[in-house]
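In: Take a look and give me a structure for this.
(chains A, B and C)
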Amino acid sequence: MDVALQGSLFDTSLALGSLAGIQRTPLSHGAWVDHLPGWLRGASALFADLVDGVPWHAERRQMYDRVVDVPRLLCFYGETDPLPHPILDEARTALSAHYHPELKEPFRTAGLCYYRDGRDSVAWHGDRIGRGNTEDTMVAILSVGAARALLLRPKDGGGPTVRHALGHGDLIVMGGSCQRTWDHAVPKTSKPVGPRISIQFRPRGVR
DNA sequence: GGAATCCACGGTGG
DNA sequence: TCCACCGTGGATTC
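Out: Okay, here's the model as predicted:
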């Protein structure tokens, strides 16, 4: 029996739901985005464990005439690193199975980002794997904590910006040519917003 | 007048 | 070697 059917007694327990309700948004150039709000129930427990349990790195970066703080905290888990929470192993396994065989190899790495408040952000980019790599790669993102906007727009400028709200326990998967032909960003916001952690699963490493 | 968008800037890693 | 990448702040547009 699906735990989700057992009723309110377990509403706050940490568990993954079914992936059956994923909504796919087709984009131009053969890109697509899948969205499943509230995939992870009890996400507050995961958020709290990650805040305390992950060895977050603050990075600095040379940008023109000065060194600036990267506007988020980071931690990367390579394919041989144990993930910081068992539910993340479950998520990675479930996602690898669900997206097979379109996903040609399983999700292996996990990149974690901690957006402390509305001043934290990530600029427009596509997740490339290596230089000059033209192979399409799928990225699955689990988002916990405060809701933030994920913006997507085509790299060639030929189309409108697409906006997704990333809420507590939501799953977003970018696939097809998305990393090659589209950029995405989490912009800063002046609205008061709490902290958010994203967990990005990929088949192989990106820092 | 605040929010959203665009642009220029250049050292660096792959 | 060489070029795409990345964050900020000012200008511009609503």
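In: can we go C-alpha only for contacts and neighbour counts from here?
Out: Noted.
In: The longest strand along chain A near DNA strand C anywhere?
Out: With DSSP state E applied, the strand covering the greatest number of residues in chain A is identified as strand A:66-77. Yes - figure legend: strand A:66-77 in contact with DNA strand C (C-alpha under 7 Å from any atom of the strand); contacting residues A:68-71.
In: what's the following helix or strand after whichever helix in chain A runs longest?
Out: When chain A is scanned for its longest helix (criterion: DSSP state H), the result is helix A:86-99. Where DSSP states H and E defines the elements, the next helix or strand beyond helix A:86-99 is strand A:109-115.
In: The residue nearest to the spatial centre of chain A and DNA strand B, how far apart?
Out: Chain A has A:Ile141 as the residue nearest its centroid, 2.3 Å off, counting by C-alpha atoms, centre = their mean. Distance check for A:Ile141 against DNA strand B: by C-alpha to the nearest atom of the strand, to the nearest Å, it reads 21 Å.
In: quick one, strands of chain A?
Out: Assigned strands in chain A, in chain order: A:15-16, A:23-26, A:31-36, A:40-41, A:57-63, A:66-77, A:109-115, A:122-125, A:139-145, A:148-154, A:162-166, A:170-176, A:182-186, A:196-202 (criterion: DSSP E).
In: just for chain A, where's the confidence low?
Out: Where chain A drops to pLDDT under 70, the residues are A:1-11, A:129-134, A:205-207.
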